[in-house]
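**Student:** Generate coordinates for the sequence data below:
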Amino acid sequence: MKKLNLPTKITIARIFLAVALVIGLVVFYLLDQFGVFYVREANLWMQAGSGSKISVNYLMLIFLGVFLLASLSDFLYGYLARKNNQVTDLGKFLDPLADKMLIDSLMIFLSFNFVSLDGDAKFPFFCVIIMTIRDLIVDGMRLMAARKNVVVAANIYGKLKTVTQMAAIVVVLLNGFPFSFFDNNRLPYLHVSDWLCYIATFFSVFSGVIYMKENMHIFGGKNNE
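**Tutor:** Numbering: from 1, shown residues only. Predicted structure coming up:
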């Protein structure tokens, strides 16, 4: 068995961080729903300009730190793999898997209602559904391309999708902070955190359409087996 190179080890570490993050969010959600005292008392309250109060939960800050660490490891993997020419088949398989585990699972959990978060910034559920369907379609095309030994290149719009998703996740984890200082009294689904989710959804759909348009040829011809 070949020894794992450094980029692949970083990707595996990102998978473990994603699993730990999901487990932590599940535990936090359950404790929050059952009204456990220290979850409610972990809120840092701040006075908004409109006179209303906004809050950021200390436990969410821990999740944010883990998420940022995992996100940075993603960029580090890509940099080292390209710089040292250490792109492997295992890395190609694990890297998108780690991304899905990290980003998609977080978006799903952040679409739930956390009672203790005043203002309740969250991912609109319909955005999560649209982006999940897009990922399933694109992953299906990648599988088909792999079976035909066809190499499909990533596009810049896919990178924008990932960056905007990460930005939206960061703001939602912070319960809309710092934008909640001036938009806390806006109508539901019109907060800055919501608009970031809409932008991420747009780039997700747009990059998916471009990806399908550029790779429709994989549906034709025979498998190279």
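**Student:** Show me the strands in this structure, by range?
**Tutor:** Taking DSSP state E to define them, one finds strands in the chain at 43-47, 53-57.
**Student:** Out of those strands, which gets the lowest mean score?
**Tutor:** For the strands of the chain, mean pLDDT drops lowest on strand 43-47, to a mean of 67.
**Student:** distance of the nearest residue to M131 once chain neighbours are set aside from A42?
**Tutor:** With sequence-adjacent residues excluded and distances taken as Cβ to Cβ, 6 or more residues apart in numbering, M131 is closest to S204, at 4.5 Å. To be clear about C-beta, it is placed using only N, CA and C from the backbone, and glycine gets the same treatment. Going from S204 to A42 by Cβ to Cβ, to the nearest Å gives 32 Å.
**Student:** Compare those two and say which is more crowded by neighbours.
**Tutor:** S204 (25 against 19; other Cβ atoms under 10 Å).
**Student:** Count the neighbours of I23 for me.
**Tutor:** 10.
**Student:** cool, the one 4 residues further on as well?
**Tutor:** Counted with other Cβ under 10 Å, residues neighbouring V27 total 12.
**Student:** now swap in the one 3 residues further on and tell me
**Tutor:** Around L30 sit 11 other residues, with neighbours defined as other Cβ under 10 Å.
**Student:** residues in contact with it?
**Tutor:** By Cβ atoms under 8 Å, 6 or more residues apart in numbering, no residues touch L30.
**Student:** And it, how close does it get to M60?
**Tutor:** For L30, the distance to M60 - Cβ to Cβ - is 15 Å.
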